[in-house]
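**Q** Could you look at this predicted model? Sequence included:
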Amino acid sequence: MDVIVDNLPTYLSGFAMTARLTLISGVASLVVGTVLAALRVSPLRPLRAFATGWVDLLRNTPLTLVFFFAILVLPQFGVIITSFQGAAITCLTAYTSAFVCEAVRSGINSVGTGQAEAARAIGLTFGQSLTHVVMPQAVRSVVPPLINVIIALAKNTSVAAGFGVVELVASGRRIALANPGEAVIVLAGVALFYLVFTVPAGLLAGVVERRVAFSR
Amino acid sequence: MTSVLYDAPGPRTRRREAIGSAIGTLVLLGVLGAGAWYAAGRGVFTAERWDVLFDPPKNQTAAAVWHSLLVRGLGATLRAAVLAAPIAVLLGIFLAVWRTARHRWVRWPAVAIVELFRGLPVLLGMFFALLGFGWSAFGAVVFGLTVYNMAIIAEIVRAGLAALPKGQAEAAYAVGLTRAQTLRVVLLPQALRTMAPSLVAQLVVLLKDSSLGYIVGYAELLKSIQNNAQYFGQAYLVSLFAAGGGIYLVVNITLSRVAMRLQRRTARTLGTAAPDTALLPAGTVVDPTGGVAGGGRPPRLPPPDR
C-alpha cells in the first residue's frame, strides 16, 4: 500500500491527464458526432455518403491503428506532430465521434414514426416538429448510450499510453517498473482511479435508462 | 422516418438539392484532391515508396514481406484473438449463470467481477499480466482480452436470459427438469441464439482490441508493419500501413457483415417461430447498423467500445 501513497503525485498527474483527454475529446466528439448524425440524415447525398464512410471506416478500425496512423504515418506526409497530447485528443475525437454519431442517429430513429406524423398532421413545420416533438424524445433515449460512449472513451484514453502521453496507465507502468515487486498493487491503484469514474457513470447510465423505459 | 418530417420535395427544392449536392461533392472532392496533391508533392505516391509491396529493395522478395505481414503479423493477431475468444465466451456464460443464483450473497461475487472488469481498460488488464504476473507478451494480450470480454459477454448473456419469457423456465420446471437442466437444455440455447449477433459483434471488438498488443510489445500486425518499415526505411511506412490497415479493415468488416446477417436471420426466425418476441425489451434485437459503439447489443449493456 505504501507504494501507492508514496507515488500519489505521479498517480494524480496521470489521472489529471486521463481526465483532461476524456473531457476535451468527449466534448469535441459530442459536437462532431452530432454534426455527423445530422449529415447522415440530411437530404444531400454527398454529405450523407461522407458521414457514412467516416463512421464505417472508424468503427471498423482499431483505435491503436488510428493512433499509429497519426503518430507514425502522418509525419511521412510531412505533418509534424508538435504535441502528443494534441494528437491523442484528435485521434480520440475522430474515433469517438463515429460512435456518438451512431448513438444519436439510433436515438432519432427510436422516436416512433407516429410522433412525427402527428406533429406534421397538426400543421407543425419541419423545424417545429423536430424541436418540439422529435428531439425532446430522442434526447432522452440518447443519453444512456451516450454516457456509455463517454465511459468507453475514458477507458480508450489508455491507448495514448502507447503513443507518448503519460496518462494513468503510462504512470502506472512507470511506477510498476520502478517497483517491480509491487507491480500488482501499483496497477490495482491505477484500476481504482478508473473505477472511480467508470462505475458511477455506468450506474448513472442504468438509472437514466430505467427512467426512460418507464416514461415510454 | 426522417422523410416524414418534411413534404416530398417539389421541383424548386429538388433543384436546390441538386445544386447543394453538386457543391457538396465538389467541396469533398476538392478536399480529397488537395490532400492527394499535397501528398503527391511530398513523393508519397512515387513507385519507390510502394515497391516494398511487390518488388522490395535489399534483395528481399515480396513473398517474404507479405509473409511477415500476413502470416506472422496477422497470424499473431488472430492467434491471440482465437485463443481469448472461446475462453471469454465460456467464462462469460459461467458468470451470467452465476448471476442468476437465487441468493443475493451467492450472486454478488459474480456481479462484482463483471462490474470491476468492464470498468477497466483492456490495456490495463494486459499490463497486469505483463508487469504484475510477469507473463509473456502473448499471455498478457490473451489475459487482457479474456478478462474484459468475459465481463461484457456475461452482460450480453444475462440480458439474453432476462429477455426470455418466464413461461420457458416455468414449463421446464413443470416437466421435472432440475435447475441445471433447465438452464442447459431450455434457457441458455435460446438466450445464446437471441444474443448471437451481439456476441459476434463483441468478438469483432475483441479482434480490434488485439491490436493493443502493439503497446505491450506483442509482435502482431502493427508491430510487423513497424519492423518492416525499420528494415526497409521509414519512407515505406505509408505503403506498409496501407497494406496492414487494409488487412484489418477487410477482416473486421467481414466479421461485422456476419454479425449483421446473423441478426437479420435471428430477427426473422424469432419473428415467425416465437411470438414471444413482443416480450423482449425494446431494442434487444438492435438496429442492424450496430447500435451504439460497435454492434447490436441491448441498451442496458456497456458499449464494447473499441
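**A** Looks like it arrived, so ask away. Residues are numbered from 1 along each chain as shown, chains lettered A, B, ... in the order given.
**Q** For chain A, which helix or strand comes out least confident on mean pLDDT?
**A** helix A:126-128 (a mean of 79; mean pLDDT, DSSP states H and E).
**Q** Could you check the pLDDT of the closest residue to chain B within chain A?
**A** Of all residues in chain A, the one sitting closest to chain B is A:Ala152 (2.6 Å; Cβ to the nearest Cβ). Heads up, the C-betas are built off the backbone N, CA and C, glycines and all. Here, the pLDDT recorded for A:Ala152 equals 92.
**Q** and whatever helix or strand it lives in, which residues are buried?
**A** Using DSSP states H and E, A:Ala152 maps to helix A:135-156. For helix A:135-156, the neighbour count (16 or more other Cβ atoms under 10 Å in any protein chain shown) marks A:137-138, A:140-156 as buried.
**Q** Show me what it is packed up against.
**A** helix A:8-41, helix A:84-110, helix A:183-215 (3 or more Cβ pairs under 8 Å, 6 or more residues apart in numbering or on different chains; DSSP states H and E).
**Q** Next secondary structure after the shortest one?
**A** Looking back up the chat, that one is helix A:84-110. That would be, after helix A:84-110 and using DSSP H and E, helix A:113-121.
**Q** now the first one
**A** In the C-terminal direction, the helix or strand that comes right after helix A:8-41 (DSSP H and E) is helix A:45-59.
**Q** and that next one, is it in reach of chain B?
**A** Yes - Helix A:45-59 lies within reach of chain B by Cβ under 8 Å from any Cβ of the partner chain, at A:45-47, A:50, A:56-57, A:59.
**Q** That helix vs helix A:84-110, what angle?
**A** Between helix A:45-59 and helix A:84-110, the angle comes out at 120 degrees (axes from the mean of the first three to the mean of the last three Cα atoms, to 10 degrees).
**Q** Helix A:45-59 packs against which elements?
**A** Counting by 3+ Cβ pairs under 8 Å, 6+ apart, helix A:45-59 packs on helix A:8-41, helix A:84-110, helix B:11-41.
**Q** residues in contact with that helix?
**A** Residues outside helix A:45-59 that contact it (Cβ atoms under 8 Å, 6 or more residues apart in numbering or on different chains) are A:36-37, A:39-42, A:66, A:94-95, A:97-99, A:101-102, B:21, B:24-25, B:28, B:249, B:253, B:290, B:294.
**Q** Going through those residues, which ones are buried?
**A** A:36-37, A:39-42, A:66, A:94-95, A:97-99, A:101-102, B:21, B:24-25, B:249, B:290, B:294.
**Q** pLDDT weak spots in the stretch 1-150 of chain B?
**A** Scanning the stretch 1-150 of chain B for pLDDT under 70 picks out B:1-7, B:47-49, B:52, B:55-56, B:59.
**Q** Likewise for the stretch 201-306 of chain B?
**A** For the stretch 201-306 of chain B (pLDDT under 70), the answer is B:269-306.
**Q** Can you name the residue of the stretch 151-300 of chain B nearest chain A?
**A** Counting by Cβ to the nearest Cβ, the stretch 151-300 of chain B gets nearest chain A through B:Ile215, at 3.2 Å.
**Q** Who are the contact partners of that residue?
**A** A:64, A:159, A:161-162, B:123, B:126.
**Q** List the ones among those residues that fall in strands.
**A** Among the contacts of B:Ile215, DSSP state E puts none in strands.
**Q** Closest one to A:Pro200 out of these, please.
**A** B:Leu123 (21.3 Å; Cβ to Cβ).
**Q** picking that back up, mind putting the helices and strands packed on helix A:45-59 in a markdown table, distance to B:Arg193 included?
**A** Below are the helices and strands packed on helix A:45-59 laid out as a markdown table (distance: least, Cβ to Cβ, whole Å):
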| stretch | distance to B:Arg193 |
| --- | --- |
| helix A:8-41 | 31 |
| helix A:84-110 | 23 |
| helix B:11-41 | 42 |
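**Q** which of those sits most buried?
**A** helix A:84-110 (a mean of 23; mean count of other Cβ atoms under 10 Å in any protein chain shown).
**Q** which one is residue 193 nearest to, not counting chain neighbours?
**A** Defaulting to chain A. Spatial nearest neighbour of A:Phe193, excluding adjacent residues (Cβ to Cβ, 6 or more residues apart in numbering or on different chains): A:Phe15 at 5.0 Å.
**Q** that's the wrong chain, I meant chain B
**A** B:Arg193 sits nearest to B:Thr266 (Cβ to Cβ, 6+ apart), 6.6 Å away.
**Q** Which residue is the nearest non-sequential neighbour of A:Arg174?
**A** Nearest non-adjacent residue to A:Arg174 (Cβ to Cβ, 6+ apart): A:Thr10, at 6.8 Å.
**Q** List the buried residues of the longest helix anywhere in chain B.
**A** Criterion DSSP state H: the longest helix present in chain B is helix B:237-273. Using 16+ other Cβ under 10 Å as the test for burial, helix B:237-273 gives B:237-241, B:243-245, B:247-249, B:251-252, B:255-256, B:259-260, B:262-263, B:266-267, B:270.
**Q** what does stretch B:96-106 give?
**A** Under 16+ other Cβ under 10 Å, the buried positions of stretch B:96-106 are B:96-100.
**Q** out of the residues you listed, which one sits closest to chain A?
**A** Distances from chain A to those, taken by Cβ to the nearest Cβ, are shortest for B:Arg99, at 14.9 Å.
**Q** and that closest one, how far is that from A:Val149?
**A** Going from B:Arg99 to A:Val149 by Cβ to Cβ, to the nearest Å gives 25 Å.
**Q** likewise B:Ala8?
**A** With Cβ to Cβ as the criterion, B:Ala8 and A:Val149 are 35 Å apart.
**Q** Equivalent analysis for A:Val186, please.
**A** Counting by Cβ to Cβ, the gap from A:Val186 to A:Val149 is 29 Å.
**Q** Thought B:His103 was touching B:Ala110, still the case?
**A** No - judged on Cβ atoms under 8 Å, B:Ala110 makes no contact with B:His103 at a distance of 11.8 Å.
**Q** if I look at B:Val71, how far off is chain A?
**A** 19 Å (Cβ to the nearest Cβ, to the nearest Å).
**Q** Give the burial count for that residue, as a bare number.
**A** As a burial measure, B:Val71 scores 11 neighbours (other Cβ atoms under 10 Å in any protein chain shown).
**Q** export the contacts of B:Ile215 to JSON lines and tack on neighbour count?
**A** What follows is the contacts of B:Ile215, written out as JSON lines (neighbours: other Cβ atoms under 10 Å in any protein chain shown):
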{"residue": "A:Thr64", "neighbour count": "27"}
{"residue": "A:Val159", "neighbour count": "30"}
{"residue": "A:Ala161", "neighbour count": "28"}
{"residue": "A:Gly162", "neighbour count": "21"}
{"residue": "B:Leu123", "neighbour count": "29"}
{"residue": "B:Met126", "neighbour count": "30"}
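**Q** want to try TSV for those residues, with distance to B:Val147 as columns?
**A** As requested, these are exported to TSV (distance: Cβ to Cβ, whole Å):
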residue	distance to B:Val147
A:Thr64	18
A:Val159	17
A:Ala161	18
A:Gly162	19
B:Leu123	12
B:Met126	9
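**Q** ok, so of those, who is nearest B:Val204?
**A** Among those, and counting by Cβ to Cβ, the member closest to B:Val204 is A:Thr64, at 14.8 Å.
**Q** what's the pLDDT at the closest one?
**A** 92.
**Q** which ones are touching it?
**A** Residues counted as contacts of A:Thr64 (Cβ under 8 Å, 6+ apart) are A:159, A:162, B:211-212, B:214-215, B:222.
**Q** Looking at those residues, spot the one nearest A:Gly181.
**A** Checking the contacts of A:Thr64 one by one against A:Gly181 (Cβ to Cβ), the nearest turns out to be B:Ile215, at 23.3 Å.
**Q** Phi and psi next, for the closest one.
**A** Torsion angles at B:Ile215 (phi, psi; degrees, to the nearest 10) stand at phi -70, psi -30.
**Q** and it, how far is that from B:Asn149?
**A** 18 Å.
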